[in-house]
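**Q** Mind folding the following:
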Amino acid sequence: MMPVEPESRVSHGLMLASDINGAFGDTTLLPRLAARGEICRISRGVYFRADTWRTLDSDRRYEMRVRGASLQRRGSMVLSHHSAAVLWGLPILRSWPDEVHFLTERASGGRSDPGVRRHAVGIDSNDITTIDELPVTTVQRTVVDLAAALDLKSAVAAIDCALHIDRFERLPPLTTKAELLDKWERMLPFRGSVRARSRLEFGTEHADSPAESASRVNMALCGFPEPELQHPFVILEGRSVQTDFYWPEQDAVGECDGAGKYSDPRLLHGRSAEQVVYDEKVREDAIREQVRGFARWDPPVGMSQYRLRAKLLRLGLPLSRPRRYPE
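**A** Take a look at the predicted model:
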């Protein structure tokens, strides 16, 4: 028999041992179902339907662990850092951590349970909001925490995502740079503040993907000229399109595209993959006729400082002194 949680504790298919044991009076029910392969234990005291779990990507699996950990604690602690990021939909370029991150009061100390990381840095009530009734740091506090703690490319990807302005006006940006810098100032002093400030200032609302954000970082680290983002070109029949990167002095265009552009239903807009490939070819040819140089690369190249450097040197971009980032 598959257990059904009380409605007040249901969250995206999660099953908490504390609730199930109390409702059924049987502490062996969940382990028996797990042994039969009907459910799987995703963290201590948290279970999930096995057939559904197998369909989830790494983002959704970490999200379920985060939700389960918060539900177990009945909202007594505030989700933060990576764990807040996954609920806000912010990307992390490296693997999600094994731990769920919470903010706690300074007096509580930083001791953590298995699978849980406590940050005893104090909690300002203005930094707390809720997502699906789970207490979580606001997007501004989350982004500043990530800017101070993550590797450079992941930090910039998260910042750019929070600032991103949808060209099609489907969704508003999560925050603005002014709001992030104001939150940074109000949090002072804190560990990694200088590093965080530099990264926040580098953030932009015009990067359309984490791969573009990583490419921007590598361009700066190599010392290439700063490109214009989402530069418009008028192509066939007066249609306006935008390119990821454009260098006006070199009259060169750069595009960073992943396979998702040709397979993700959200990006296909009802077109077949074949039609998208054809449309992109027509678009690229029309842009190439207007510029001196055109280069395209995929996310792995954008993530690699040395591979992108070689690509952009072949495009004819000059090198100057690399921009230095505090680490």
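**Q** Can you pull out the low-pLDDT segments for the stretch 151-300 of the chain?
**A** In the predicted model of the stretch 151-300 of the chain, residues 168-169, 259-271, 273, 275 satisfy pLDDT under 70.
**Q** where along it do the strands fall?
**A** Counting by DSSP state E, counting those that start in this stretch, the stretch 151-300 of the chain has strands at residues 228-234, 240-247, 252-256, 293-297.
**Q** For the longest one, which helices and strands make contact with it?
**A** Counting by 3 or more Cβ pairs under 8 Å, 6 or more residues apart in numbering; DSSP states H and E, the packing neighbours recorded for strand 240-247 are helix 210-222, strand 228-234, strand 252-256, helix 273-288. Where you see a C-beta, it was placed from the backbone N, CA and C, and this is true even at glycine.
**Q** Please work out how many residues are found near the nearest residue to Glu284 once chain neighbours are set aside.
**A** Closest residue to Glu284 apart from its sequence neighbours, by Cβ to Cβ, 6 or more residues apart in numbering: Phe294 at 6.9 Å. By other Cβ atoms under 10 Å, 17 other residues sit near Phe294.
**Q** Show the pLDDT at Ser320.
**A** pLDDT, Ser320: 87.
**Q** about what we covered before: of all the strands of the stretch 151-300 of the chain, which one is nearest Leu14?
**A** Closest to Leu14 of the strands of the stretch 151-300 of the chain is strand 252-256 (Cβ to Cβ; 36.0 Å).
**Q** And stretch 170-187, what's buried?
**A** Across stretch 170-187, burial judged by 16 or more other Cβ atoms under 10 Å covers 174-175, 177, 179-181, 183-184, 187.
**Q** for the chain, what spans make up the helices?
**A** In the chain, helices defined by DSSP state H lie at 17-24, 29-35, 50-53, 58-72, 81-88, 139-149, 152-163, 177-187, 193-202, 210-222, 265-268, 273-288, 299-303, 305-315, listed in chain order.
**Q** quick one: average confidence on the fifth one?
**A** Looking back up the chat, that one is helix 81-88. Across helix 81-88, the average pLDDT comes to 98.
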